[in-house]
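Chemist: Next one to model:
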Amino acid sequence: MQARFLRRLIFLVAAATLCLACGGDARTSPLSGVSRIDRYDGSPPLGDMVWSPDGTRLAVNTQRPMRSHPQDKIFILDVATGDLRLLLESNGIRDVEDWSPRGDEIAFSASLDLQGIWVVKVDGSGEPRFVDDGFVAAWSPSGDEMAILGATRDPETDQWVPSIWILDLATGDRRLVLNQDKSDGCSGLAWSPDGTRLALVFSRTTGDTSHESDIFILNLTTGRLNRLTDGGYNLSPAWSPDGTLVAYDSFDAKGSHLMIARVGGECTVEAISHISSNPAWSPDGRQIAFALRDGIYVMDIATVLGEDFLETGPVCPQE
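Modeler: I've put the predicted structure just below:
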């Protein structure tokens, strides 16, 4: 929970330092290859977002600072037209978590009276359905399971520790895949396209007021946990559709940077400086969407990083 609060605080500071679409309904930005795709009025700020499996829509939620007014909303954005459709308004919506691989439901996390992970029909029919306890969730590529990040009680220390379990959506059975008692908190959870790995974020306190967070890759077959980033404040991992790359936010004193790394962590490239927040990789692999306070933008990867990048990804330095 601490990591989520810090993410939002840093995001608001970073977004306030830059205006990509100053004035009215401008739908372009001064940066080549980055365009605004919605006409959101910018209040309250936007939170997480996820693409529909067919790449035509984005689900995004509003985020009120400090949760002082937790009556938030989930919208469906038509990427081609920029139109926003209100899907759900409820007291306690925290974040949009994932779009089901079948395309018919959206998972979201909630606090207050709705505490836990819920799903809502994309067409707005019926009532939201409770799935399980937890703070963050990601659907498996098959759609049959959901990875959930929450907390479990360690029987040896009797302390609650950040944990990840896999929930069978048909039977309700849980399979614990990770307990992390060396972390102050967790955030971010993304399932690899091939279903074998999870990307996640662990945060830790490095001093009285200093915090760091790093992205890790969890192999679901072996249980091995590999570090993708090393130091700093890194958040919001998003897989490329081919599973070879991970985009993420990296924060420093100048703001937020959109980074793209090989899954092995051997080389990384900065795609855009000082603007990114909550990246979401399009299903066709050619775009990355991200939110700012005033709206939603997409980066055309070929324009910003070159057509070859779509084939090779970051080029590692020669030894």
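
Chemist: Please count neighbours and contacts with C-alpha atoms only from this point.
Modeler: Will do.

Chemist: hang on, isn't Ile148 packed against Val136?
Modeler: Yes: with contact defined as C-alpha atoms under 8 Å, Ile148 reaches Val136; the gap is 5.7 Å.

Chemist: Surely Glu311 is within a helix?
Modeler: Yes: under DSSP: H, G, I helix; E, B strand; the rest coil, Glu311 sits within a helix.

Chemist: burial measure for it, as a count.
Modeler: 8 (other C-alpha atoms under 10 Å).

Chemist: Could you check how far it is from Ile260?
Modeler: 14 Å (C-alpha to C-alpha, to the nearest Å).

Chemist: Test my guess that Ser111 contacts Arg94.
Modeler: Yes: here Ser111 reaches Arg94: they are 6.4 Å apart, a contact under C-alpha under 8 Å.

Chemist: ok, now which ones touch the nearest residue to Leu200 once chain neighbours are set aside?
Modeler: Distance criterion C-alpha to C-alpha, 6 or more residues apart in numbering; nearest residue to Leu200, sequence neighbours excluded, is Leu189 at 4.6 Å. Contacts of Leu189 were listed using C-alpha atoms under 8 Å, 6 or more residues apart in numbering, and they are Val136, Ala137, Ala138, Ala147, Leu149, Leu198, Ala199, Leu200, Val201, Ser236, Pro237.

Chemist: Distance check, Leu189 against Trp51.
Modeler: 15 Å.

Chemist: export stretch 137-149 as PDB, just CAs?
Modeler: The C-alpha trace of stretch 137-149 is given here as PDB (Å, rounded to 0.1, in the frame of the first residue of the first chain):
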ATOM      1  CA  ALA A 137      -4.400  -8.900  -9.900                       C
ATOM      2  CA  ALA A 138      -3.400 -10.200 -13.400                       C
ATOM      3  CA  TRP A 139      -5.300 -12.700 -15.600                       C
ATOM      4  CA  SER A 140      -3.400 -15.700 -17.000                       C
ATOM      5  CA  PRO A 141      -3.100 -15.700 -20.800                       C
ATOM      6  CA  SER A 142      -5.600 -18.600 -20.900                       C
ATOM      7  CA  GLY A 143      -8.200 -16.700 -18.800                       C
ATOM      8  CA  ASP A 144      -8.600 -19.700 -16.500                       C
ATOM      9  CA  GLU A 145      -6.500 -18.300 -13.600                       C
ATOM     10  CA  MET A 146      -5.700 -15.100 -11.900                       C
ATOM     11  CA  ALA A 147      -2.500 -14.100 -10.100                       C
ATOM     12  CA  ILE A 148      -3.300 -12.100  -7.000                       C
ATOM     13  CA  LEU A 149      -0.900 -10.000  -4.900                       C
END
